[in-house]
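**Q** okay, sequence plus prediction incoming.
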Amino acid sequence: MEYLTLLLVILASYVLGSIPTGYWIGKIAKGVDVREMGSGSTGATNVLRCVGKKEALIVLFVDIAKGYLPVAIALHLQATQPQLLPANLFPNLAGVLAAVSSIFGHSRSIFLQFTGGKSAATGLGTLFALHPLGALGTLLVWLAVLFSSKIVSLASISAAVACPTIMFILNAPPAILAYAGIAFLYVTLRHRSNIKRLLDGTETKYTDKPKELSESSN
């Protein structure tokens, strides 16, 4: 894998991750800026509250794909172009670099003045490309907490916390285990305002409407 190819993969992963799916869907579907409503995030949860279920599902699917595709491509390129990062010496490293770039792009989009979402869905997409079984375990934790609490942020934080442990139990390669730790720290950091509301007992559930929409619908 040549240096230029690796650099292009990292840059392309960032740009792809930067695609502001939630923002565009909000504008197209209802002419609203989701950054100015609800939690201010461009992720699927805020789109669910501010726009609708169908639109939120589209955002969720695309955001997961934004994480999965660049990592899958990076892993393929490393396997077929081993000149720079031989797969036997640095397994999964190209995929991990693409994954980090992708989740950073989602939360710091060049299209939205470096604002964005919380990187949970995009992070999950990267995990499915890197370690499908570990990603499935992480998803199951997310679903269990979501259905029991109906609080998406709590589910996302819980999944992020569980991910490194799951990868360790499954004996994931060192690069993937390191990425799980990085993703845990980054996603948790992106949820710091949610953590404050959770501690205060004021965090909203995914069934709640944002104040702006509740008032306008009366």
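**A** On my side now, so go ahead. Residues are numbered from 1 along each chain as shown.
**Q** now do the helices in the chain.
**A** In the chain, the segments counted as helices under DSSP state H are 3-18, 21-30, 44-50, 53-80, 93-107, 120-130, 132-149, 152-169, 174-190, 192-200, 211-216.
**Q** give me the pLDDT for Ser102.
**A** The predicted local confidence for Ser102 comes out at a pLDDT of 97.
**Q** skip the chain neighbours and tell me the closest residue to it.
**A** The spatial neighbour of Ser102 that comes closest, neighbours along the chain excluded (CB to CB, 6 or more residues apart in numbering), is Gly17 at 3.8 Å. Placement of C-beta: from N, CA and C, glycine included.
**Q** measure Arg35 to Ala155 for me?
**A** From Arg35 across to Ala155, the span is 22 Å (CB to CB, to the nearest Å).
**Q** got it, and Ile58?
**A** Separation of Ile58 from Ala155 (CB to CB) stands at 20 Å.
**Q** okay, the two: which has more neighbours?
**A** Neighbours of Ile58 and Ala155, each counted by other CB atoms under 10 Å, are more numerous for Ala155; the result is 22 against 18.
**Q** surely the more buried one touches Thr138?
**A** No - counting by CB atoms under 8 Å, Ala155 does not reach Thr138; the two are 10.7 Å apart.
**Q** check contacts around the closest residue to Val9 other than its chain neighbours.
**A** If the residues on either side of it in the chain are set aside, Val9 comes closest to Ala74, at 4.9 Å by CB to CB, 6+ apart. The contact partners of Ala74, by CB atoms under 8 Å, 6 or more residues apart in numbering, come to 9, 13, 94-95, 97-98.
**Q** out of those, who's nearest Asn46?
**A** Proximity of these to Asn46, judged by CB to CB, is greatest for Ser13, which lies at 23.5 Å.
**Q** okay, now the closest one: neighbour count?
**A** Ser13 is surrounded by 28 other residues when neighbours are defined as other CB under 10 Å.
**Q** that one: what's it in contact with?
**A** Counting by CB under 8 Å, 6+ apart, Ser13 makes contact with 70-71, 74, 97-99, 101-102, 105.
**Q** farthest pair in those?
**A** With CB to CB as the measure, no two of the contacts of Ser13 lie farther apart than Ala74 and Gly105, at 13.8 Å.
**Q** quick check, pLDDT for Pro82.
**A** Pro82 carries a pLDDT score of 68 in this model.
**Q** again but with Thr126, I slipped
**A** pLDDT for Thr126: 98.
**Q** I figured it hits Ile182, correct?
**A** No - shown here, Thr126 and Ile182 do not form a contact pair, counting by CB under 8 Å, at 10.6 Å.
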